[in-house]
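**Q** structure of the sequence below:
(chains A and B, ligands or ions: 2)
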Amino acid sequence: MDVPAIELVALTKQFRNTKKPAVDSVNLSVSQGEVLAIVGGSGSGKTTTLKMINRLIEPSSGLIRVMGEDVTNRDPVILRRSIGYAFQGVGLFPHMTVGQNVSVTLRLLGQDTECVSKRVDELLAMVELPAEEYRDRLPTELSGGQQQRVGFARALASQPRAILMDEPFGALDPITRDALQQEFRSLQKKLQVSVVLVTHDMSEAVLLSDRVAVMHEGQVAQVGSPHELLTKPVNDYVAQLIDTPRRHSDFIESLMREAPIEGTS
Amino acid sequence: MTPKMQILFEQLPDLLGGHLTLAVPAIFMGVLISVPLGILCVKSARIRGPVMSLVSLVQTIPSIALLAIMVALLGGTIGYWPAFIALLIYSILPIIRNTIVGLESVDPAMREAAKAVGMRPVQQLLWVELPLALPVILAGIRTATVWVVGIATLSTPVGAPSLGNYIFSGLQLRDWQRVIFGCVATMTLSLVLDQLIAVIEKSIQARHRVSLVLASCALAGLVGIGLAPGFMAEDAAGFSNLLGSREGVAESLEPEESPLTLDGQVIRIGAKGFTEQFILAEALRERIRKVGGTPEVLTNMGSTIVFDALAKDTIDIYIDYTGTLWSTVFKEANPIGRVSMRADVAGRLFNDFGIVLLGPLGFENTYALVTQRKTAFRYGLSEIGDLTPVAKDLRIGGDPEFFGRPEWQRVRQLYALDDITEVGMDSTFMYQAVADGQVDVAAGFSTDGRIDAFDLTVLGDPKQAFPPYDAVVLLSPRAAKNQNLVHAIEPLLNRVSVTAMRAANRLVDEDGESPRESARQLLAD
Ligand SMILES: Nc1ncnc2c1ncn2[C@@H]1O[C@H](COP(=O)(O)OP(=O)(O)O)[C@@H](O)[C@H]1O
Ligand SMILES: [Mg+2]
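**A** Numbers count the residues shown, from 1 in each chain, chains lettered A, B, ... in the order given. Ligands and ions are numbered 1, 2, ... in the order given. As a prediction, this is how the structure comes out:
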C-alpha cells in the first residue's frame, strides 16, 4: 500500500507555563485520499495538533511524516506551500482581492502571471464563484459562505496532496453550512486530496469523514470509522459524543413515524 | 491689490520654493529612515528601547535650539543643510511611532495566515503586515508633514530662506500684514500637502490608480517647483534676500559708478533679525552694488550663527556691536571704555578667528534710559545720576530680562538707584508707556526710532555704566583680503551718527518705509 499522506507518531506539545501537555503522545495516520476528522471539546488540543503538522507550532517531541518524509528535515516555508490550510474564521487577507487571496501561494511559488490567472479562474469555478464576478472583489464584499469558499479555493490552489481544516464550517448558518459541506465532500472525492478536518461537532465529523479521532485532554481517546465508534465506544466520553448524532437521527425518525406530514400519505 | 501685497506676492515663489525644498525632501527622507527603523523596533525589543528614548528625547529639544545646534554640529555651516537635518530629525518621531503602532495592531491571526500560506518573514512583512499597517503609518506621515512644514519657518534664522522670512521680518518691522501673510501661506501649504497624502491614502485603499498617480504627480510637481528657483538650482540663489528681489545680478551690469572694481563678484552680506540690521545690510548692499559687485543679503540670522558664518567665510561681511562680541564671543564680564574695547575686540577677532574689524560706523546701539521732556524738566534730569535723589518717587519700565542683566545691576550700583520701582513690560510697549506717563523712565535702545517718534530725551551715562555697543563692520578672513571690497565699504566708516541711525530706524518702524529706501536716505545724508 501507498505511504500514508500524514503520519503522527507519539506527537507531544508541552507549552511553557502549563502543567499538562496540550497534545500528549498522539499517534494518528491519514491515508492518501482519506478524510480524518479530529473531534473533541474546546481545549482538547485539536488546533495544536493541526498546526504542528505544517509546523506553525513546533512539537516538543514525537514525529511527523508527510508523504513519508519527516517534516523536521524540511524547510517549513516550502512545507506550508505544499499543504493547504483552511482557517478557523476563514483568515482571508482583507487588503487583497478574491483573486489575489486565492493566488497567493501560487505567486509565492513564483508561477508566471498567465498561469496563475488561469488557475484562479479554474479554482473559483470549482467553488462555484464565477471569476468574472468575484475575482476583483474584496473579502468584505462577500457573504460568510462565499468567504469560506474563497478560503477553500486558496487552500486547494497549489494542488496540495493534503489539506488541513480548522472548524471551517463553524461560523456559517445551518443552510449555508449544509450546502458547503456537500460541496466539500464531492470536491474532496473528485480531487482525492487527503484531509485532516478539525471540528467540535460529531455530526459533521460522521457526515464528512472516513475515520474519526476523538481527542480528550490532549490525548486520542479512540480512532475508528463512525460505525466502530457507534458500536464499540472505548469509554463513556466517546459514547457520549457519538450519542449526540444518534439521538438526533432517532428523534427525527420517531417524528416521521408518529406524525406523518400531511399530504404525503 | 495694494503695492504692499504685490511685494509680498513677488517674494512668494522664492520663499515658497525654499520652504518646499526644505520640507518635502525632509519628510521624504524621514519616511525612508523611520519606516525601516520602526520595523526594526517591532522585530527587536533590544533596539526598540534605546531608539525610542533617543528619538523622544531629541523631540523635546525646542525646534529653534535644534536648528542652532545643527549649525554648530556642522561646524558653523549655515543655510540649507542644518535646516534640512533638523527638519528630518523632527519628522522621525511621528513616523516611527505610527509604524510601530500600525504593525503591532495587525491582527495576529493575519500574521499566522500569512505564515500558513507559505510566506517567508520578509514576505509576511511586505505582503501582509505593511499593507495592513499602512493607514496608521500614513497618519504618522501626515502628522510629520504638518510639523515639518510649520517648523520649517524657523529655518530663516539659520540662513535657509522659507516662508518664515515673512514672519520674522514682519515681527521685526511690526508689519502684521507680512506676519499674517507668512502664517497663511504656511498653513495653506501644510493643508495642501496633508490633503495630497490623504488622497494618496484613499486611492490606495480604493485601488484607484488614476487618482493615486495624479496625487503622486502633484506631490512630485510641488517638489519640482521647489527645486527650480530654489536652493538646489544655484547655491547663491538660496540666499534670497528679505526685502528686495534677487535683482543684484541685473543691476550689477549697469553700475552707476566706475571703475568696476568688484567686477560681478558675489558678496554675501549677513544681518541679524532687527530693523537696524536690515537697514545697514541694505546700505552695504548699495555700496557693493555701486562698485560692480553682486551683493546677496541674508537676513534674520541668529546672533551667534551670523558670527560663526563669518568666521567660516560662509558670509563675507556684517555689522556687529562691540559690547555684544565682548560678552558673547569673548565671555568678558566687566566692560571697559569704548575705544579700548574696540581695539581689544579687533585684536582678538583677528588673532582667534582671522576676522577683520574694518572700523566703526560711528554710532553706538547701547542701552539708554529715556524719559519725557516734561519729566526731565520737572525733576531737572539730564543724566542718569540726576535720578538718584528722586529715585523712590519714580517708576522705570523695561523688558523683564533687562532687570536681570548685569548691566542694570551696574547702573543701579554706580548711580545708587536702589529705590526706583521696576516695571517689567514687553519692549514693544515701553516707549509708549513712558510717553503716556505710565512709567517715568524706560530702559530703551539708543538708536531706536521711537525715541524721536515719541519725542523722548536720552539721559547721559558719564560713568559709562552701560557697556559700549559700538557698531562695527566685520569682514570674514577671505573677504578681508579683498582690497576692492575694503575700498567699497570704507566710505561708510564713521559716517553714521546715532541721530542719523535713529532717524533711519524711525523711517522704517514708524513710517512704514522699506529698509532699502531708508538706507538710501542714510547714505545720501
Ligand atoms: N500558545 C499557547 N500557549 C500556551 N497554551 C496554549 C497555547 N495554545 C493553546 N494552548 C493551550 O493548549 C490547549 C489546547 O488548545 P487548542 O489546541 O487550541 O484546543 P482546541 O483547538 O481543541 O480547542 C488549551 O488548554 C490551550 O489553552
Ligand atoms: Mg481550536
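**Q** what about the closest residue to A:Asp166 other than its chain neighbours, how many residues nearby?
**A** Counting by Cβ to Cβ, 6 or more residues apart in numbering or on different chains, A:Gln88 is the residue found nearest to A:Asp166 once chain neighbours are left out, at 4.2 Å. Backbone N, C-alpha and C define where each C-beta goes, glycine included. A count of nearby residues for A:Gln88, using other Cβ atoms under 10 Å in any protein chain shown, gives 16.
**Q** phi, psi for A:Gln88 please.
**A** Phi and psi for A:Gln88, reported as degrees, to the nearest 10, are phi -60, psi 120.
**Q** tell me the SS of the residue nearest to B:Ile355 when sequence neighbours are not counted?
**A** In space, and not counting its chain neighbours, B:Ile355 is closest to B:Leu349: 4.3 Å by Cβ to Cβ, 6+ apart. Here B:Leu349 is recorded as helix under DSSP: H, G, I helix; E, B strand; the rest coil.
**Q** B:Leu349 is in contact with B:Thr322, isn't it?
**A** No. Applying Cβ atoms under 8 Å, one finds B:Leu349 not in contact with B:Thr322, separated by 10.1 Å.
**Q** the more surrounded of the two?
**A** More neighbours surround B:Thr322 than the other of B:Leu349 and B:Thr322, with 27 against 23 (other Cβ under 10 Å).
**Q** would you say B:Thr499 is within a strand?
**A** No. B:Thr499 sits outside any strand when classified using three-state DSSP, being helix.
**Q** what's around it, how many residues?
**A** 13.
**Q** got the contact list for it?
**A** Going by Cβ atoms under 8 Å, 6 or more residues apart in numbering or on different chains, B:Thr499 touches B:Asp452.
**Q** what are the phi and psi values for the residue of the stretch 351-500 of chain B with the smallest separation from chain A?
**A** Residue nearest to chain A within the stretch 351-500 of chain B: B:Asp426 (55.2 Å; Cβ to the nearest Cβ). The phi and psi torsions at B:Asp426 (degrees, to the nearest 10) take the values phi -70, psi 140.
**Q** please read off the pLDDT at it from the model.
**A** According to the prediction, B:Asp426 has pLDDT 73.
**Q** please apply the same query to the one 10 residues further on.
**A** On pLDDT, B:Asp436 comes in at 86.
**Q** what of the one 4 residues further on?
**A** The per-residue pLDDT reported for B:Asp440 equals 93.
**Q** likewise for B:Arg450?
**A** Model confidence at B:Arg450 (pLDDT) stands at 89.
**Q** for the residue lying closest to it once chain neighbours are set aside, give me its contacts.
**A** Spatial nearest neighbour of B:Arg450, chain neighbours left out: B:Tyr431 (4.0 Å); criterion: Cβ to Cβ, 6+ apart. Counting by Cβ under 8 Å, 6+ apart, B:Tyr431 makes contact with B:370, B:442, B:444, B:448, B:450-451, B:453-454, B:456.
**Q** okay if I get the residues you listed as TSV plus neighbour count, distance to B:Trp147 and secondary structure?
**A** TSV is the format used below for these (neighbours: other Cβ atoms under 10 Å in any protein chain shown; distance: Cβ to Cβ, whole Å; DSSP: H, G, I helix; E, B strand; the rest coil):
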residue	neighbour count	distance to B:Trp147	secondary structure
B:Val370	24	42	strand
B:Ala442	32	39	strand
B:Gly444	24	37	strand
B:Asp448	27	36	coil
B:Arg450	23	37	helix
B:Ile451	24	41	helix
B:Ala453	18	40	helix
B:Phe454	19	41	coil
B:Leu456	24	44	strand
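**Q** packing partners for whatever helix or strand B:Phe402 lives in?
**A** For B:Phe402, the element it lies in under DSSP states H and E is helix B:400-404. The elements that helix B:400-404 packs onto, with contact taken as 3 or more Cβ pairs under 8 Å, 6 or more residues apart in numbering or on different chains; DSSP states H and E, are strand B:421-424.
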